[in-house]
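[1] Build me a model:
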Amino acid sequence: MKTAVVLVTVLVLVGCALTVEAQTVVVGQAPATGKYSGMAWTWDSARSIVTLYDAGKQFRVQTTPDQIARLNHHQWVTVSGTLLGPEPIETVLLPSQPMTALANGPAVSTEVSGTISAIDANGIATIDSARGPLRVWVAEGAQSRFSAGKPVKVIVNVQPVRMVAVAGTGGQASGPTLSAPAPIPGDQAVVVGRILAVNPNGTLSVESPRGPVSVWVPDAASFKIGDFVQLQTVVQPS
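    As a prediction, this is how the structure comes out:
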């Protein structure tokens, strides 16, 4: 019997040519009050504000302390409250210029086993594991390779990086460079993004063009919200 190995590689490097620019959002409508459902992504207990995630979108809801106390990370919830606009961020901007990612510390690697629970339209697979739910990129047509309830292994490599302005037209910033990961059998993806949350169960939530992704690392406390990382994930059938 011959065994066929399918190598599916998605290499997406987001952040190595970033342009810093300011955006202004004007909300002219009165706040909407009602019930809102989504995945509990993160929350601010002091202000009773929860950030929910649903269908590739994040939104913030002003709710009550008793509802905040019942939340669990990455659990689907319904809360009552007032829909808020984006969190105001005080930002100091330099003139727009291209940015590149440079290595900024040792990489962390791990493997986590679990089962596929869902694959959404954005190409993100949700995987139930003993470390909590994981959310990682998969390649186009993943439904033909992975199905709900099937066991998989997720290989994770997290490399801290710093975003540095490119020096002049065609110039390069100095510092340790990021090496391109070698192809590995499975659905492989590489994303550079900002850490959105460091969760109590040891998972990191990282921004990506498809929506937040989350992976487990052995020492999550060594990472900080707002830092940039290069995240490499490979999903393989077990």
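
[2] For Val217, list the residues it contacts.
    108, 110, 156, 158, 202-204, 223 (Cβ atoms under 8 Å, 6 or more residues apart in numbering). Placement of C-beta: from N, CA and C, glycine included.

[3] Show me how the protein divides into domains.
    The chain breaks down by automatic domain parsing into domains covering 7-18+96-237, 33-84.

[4] Need the ones you listed in JSON lines (columns: mean pLDDT).
    Listed next are those as JSON lines, based on pLDDT from 0 to 100:
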{"stretch": "domain 7-18+96-237", "mean pLDDT": "83"}
{"stretch": "domain 33-84", "mean pLDDT": "88"}
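
[5] Now do the helices in this protein.
    65-69 (DSSP state H).

[6] Kindly list the longest strand within it.
    Criterion DSSP state E: the longest strand present in the chain is strand 151-165.

[7] With just CA atoms, put that strand into CSV.
    Only the C-alpha atoms of strand 151-165 are listed here, as CSV (Å, rounded to 0.1, in the frame of the first residue of the first chain):
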residue,chain,number,x,y,z
PRO,A,151,-7.8,14.4,15.4
VAL,A,152,-5.0,16.7,14.4
LYS,A,153,-1.6,17.9,15.6
VAL,A,154,-0.7,21.6,15.6
ILE,A,155,2.9,22.5,15.4
VAL,A,156,3.5,26.1,16.8
ASN,A,157,6.6,28.3,16.5
VAL,A,158,6.4,31.8,18.1
GLN,A,159,9.3,34.2,17.3
PRO,A,160,9.3,37.6,19.1
VAL,A,161,10.0,40.4,16.6
ARG,A,162,10.4,44.1,16.6
MET,A,163,9.1,46.4,13.8
VAL,A,164,11.8,48.7,12.5
ALA,A,165,11.6,51.4,9.9
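
[8] Identify each buried residue in stretch 198-206, please.
    Buried residues in stretch 198-206, counted by 16 or more other Cβ atoms under 10 Å: 198-199, 202-206.

[9] Then stretch 126-146?
    For stretch 126-146, by 16+ other Cβ under 10 Å, it's 126-127, 129, 131-139, 142, 145-146.

[10] Just the terminal-to-terminal distance for it.
    11 Å (Cα to Cα, to the nearest Å).

[11] what does that stretch contact?
    Identification of contacts with stretch 126-146 by Cβ under 8 Å, 6+ apart yields 6, 8-10, 12, 73-74, 112-120, 123-125, 152, 154, 187, 189, 191, 199, 201-203, 208, 210, 212-216, 233, 235, 237.

[12] Please apply the same query to stretch 37-50.
    51-54, 58-65, 67-69, 71-79, 81, 84, 196-197, 199, 205, 212.

[13] Pull the distance from that stretch to the chain's centre.
    17 Å (Cα atoms, centre = their mean, to the nearest Å).

[14] Please save the CA atoms from that stretch in PDB.
    In PDB, the C-alpha atoms belonging to stretch 37-50 read as follows (Å, rounded to 0.1, in the frame of the first residue of the first chain):
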ATOM      1  CA  SER A  37     -23.600  37.100  21.200                       C
ATOM      2  CA  GLY A  38     -20.100  36.100  20.200                       C
ATOM      3  CA  MET A  39     -16.900  34.400  21.400                       C
ATOM      4  CA  ALA A  40     -15.600  36.000  24.600                       C
ATOM      5  CA  TRP A  41     -12.200  37.200  23.400                       C
ATOM      6  CA  THR A  42     -11.100  39.400  26.200                       C
ATOM      7  CA  TRP A  43     -12.600  41.800  28.800                       C
ATOM      8  CA  ASP A  44     -11.900  44.600  31.200                       C
ATOM      9  CA  SER A  45     -13.300  43.700  34.600                       C
ATOM     10  CA  ALA A  46     -12.600  47.100  36.100                       C
ATOM     11  CA  ARG A  47     -14.900  48.800  33.500                       C
ATOM     12  CA  SER A  48     -17.200  45.800  32.800                       C
ATOM     13  CA  ILE A  49     -16.400  45.900  29.000                       C
ATOM     14  CA  VAL A  50     -16.200  42.600  27.100                       C
END
